[in-house]
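*Asks:* coords below, sequence missing:
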């Protein structure tokens, strides 16, 4: 008999440690040869270099119970703006809506700004960019999107891999109600100095931090 | 069964009746996702000892445990053995600046009032606000601090206090209530080691831990904040 812990115990510890990591830091990008972790869905990067490990809950577990209890989840700042910008990023980056949302295509800040103004039904206002950037940063920090601030480019984040067929049907319908984004002109390889300077501060509410 | 299909939880859930499974999943979700601890009376999965044991088992699979708060409420937190294993691996999702700002809030809102006898118990909940002035240090730029405050608020580690009389001020966030009793004690020890490293109580903590220097997960921020305290700029 071996003195090592049994394989099942080791496996449980392996799973628990990875789960603790994704709960404390959000979905994690790992080498593609990292062994599977039970319950963590793998979202492969388009170039195959890495995969994201994304926690997945069984049906019946989720935020819905909080509504029933009348108890809030951890608050999101500027929730309406943040949700609005997420829907715009979906419209810009989920270009092939016959398939799944992940990994989607690269969208641009120019597209997001255009759809945002169209959604509001008016020309862009100076405060719009500050609100948009604040929302993009929040969504990036929570892995709903990947926001490359220097290039002004955005992609959907690994969390969207958990969107079900029903979620995607709802989002397809939502996208139909949003103004069509202009064609994306990618700047990833362009000289950084050409990029438009972004607001240094986030949004109005967070200015209260100072 | 077909609706479950979850590689990690199915072996536990498939043995439960539909009703028990619903209650367990509701309680599991509530303690995992609610910003604040949930009242035991609200959920059968927390009230009923047998169902609660199933919730514990689910949490254990993902490195977490149930944490009881004030005798009547429950939340979830990281299991001590998992936290220790991750700390030993050097796992640290918070940046050093974020930890330093968090420690300053904990010192002003909890540690100082506790040392003055204003706060009792071992909870990290406090209504004593930490003002922006108390967070000013020469070690962290205003912009770095502002961004750290945003991140800490988004993570639920700090929150704005209701007292706006002297400008914005902060209190510990609801996530601090997820600390297990052992984690609360570790954090208290680390703050003592940071704020009064030469004190007899710090010496006793080091002797108990069998260490000459802090090795815990808060060590970097604790040292950072100690430097600030010594310079009298915090």
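*Replies:* Thanks, I have it. Everything numeric here is computed off the predicted structure, so don't read it as measured data.
*Asks:* buried stuff in the helix or strand of chain A with the lowest mean pLDDT?
*Replies:* When each helix and strand of chain A is scored by mean pLDDT, DSSP states H and E, helix A:64-69 comes last, with a mean of 90. Buried residues in helix A:64-69, counted by 16 or more other CB atoms under 10 Å in any protein chain shown: A:65-66. From N, CA and C alone the C-beta is placed, and that goes for glycine too.
*Asks:* Name the nearest residue to the residue nearest the centre of chain B, sequence neighbours excluded.
*Replies:* What sits nearest the mean C-alpha location of chain B, by CA atoms, centre = their mean, is residue B:176, with 3.1 Å. Computed as CB to CB, 6 or more residues apart in numbering or on different chains, the closest residue to residue B:176 that is not its neighbour in sequence is residue B:124, at 3.9 Å.
*Asks:* distance between the least confident helix or strand of chain A and the chain's centre?
*Replies:* Remark: helix A:64-69 is offset 23 Å from the chain centroid, using CA atoms, centre = their mean, to the nearest Å.
*Asks:* Would you map the helices across chain A?
*Replies:* Using DSSP state H, the helices of chain A run over A:7-25, A:64-69, A:79-93, A:109-120, A:126-141, A:165-177.
*Asks:* circling back to that earlier point, next up, the contacts around the residue nearest to residue B:176.
*Replies:* By CB atoms under 8 Å, 6 or more residues apart in numbering or on different chains, the residues touching residue B:124 are B:106, B:110, B:172, B:176-177, B:179, B:184, B:187.
*Asks:* Try it again at 10 Å.
*Replies:* B:106, B:109-111, B:114, B:172-173, B:175-179, B:183-184, B:187-188 (CB atoms under 10 Å, 6 or more residues apart in numbering or on different chains).
*Asks:* do residue B:32 as well
*Replies:* A:23, A:57, A:61-63, A:65, A:73, B:55, B:58-59, B:62, B:64, B:75-76, B:178.
*Asks:* which SS class is it?
*Replies:* Secondary structure state of residue B:32, per DSSP: H, G, I helix; E, B strand; the rest coil, is helix.
*Asks:* Surely residue B:104 is within a helix?
*Replies:* Yes - according to three-state DSSP, residue B:104 belongs to a helix.
*Asks:* So it sits against residue B:170, correct?
*Replies:* Yes - between residue B:104 and residue B:170 there is a contact under CB atoms under 10 Å: 9.3 Å.
*Asks:* what sits in contact with each of these two?
*Replies:* The contact sets of residue B:104 and residue B:170 overlap at B:130, B:134-135, B:158 (CB under 10 Å, 6+ apart).
*Asks:* Most neighbours of all those, which one?
*Replies:* Sorting those by how many neighbours each has (other CB atoms under 10 Å in any protein chain shown) puts residue B:158 first, at 27 neighbours.
*Asks:* Now the phi/psi pair for it, please.
*Replies:* Backbone torsions for residue B:158, taken as degrees, to the nearest 10, come to phi -130, psi 170.
*Asks:* what bridges to the closest residue to residue B:105 other than its chain neighbours?
*Replies:* Nearest non-adjacent residue to residue B:105, counting by CB to CB, 6+ apart: residue B:130, 4.6 Å away. Judged by DSSP bridges, the bridge partners of residue B:130 are residue B:170.
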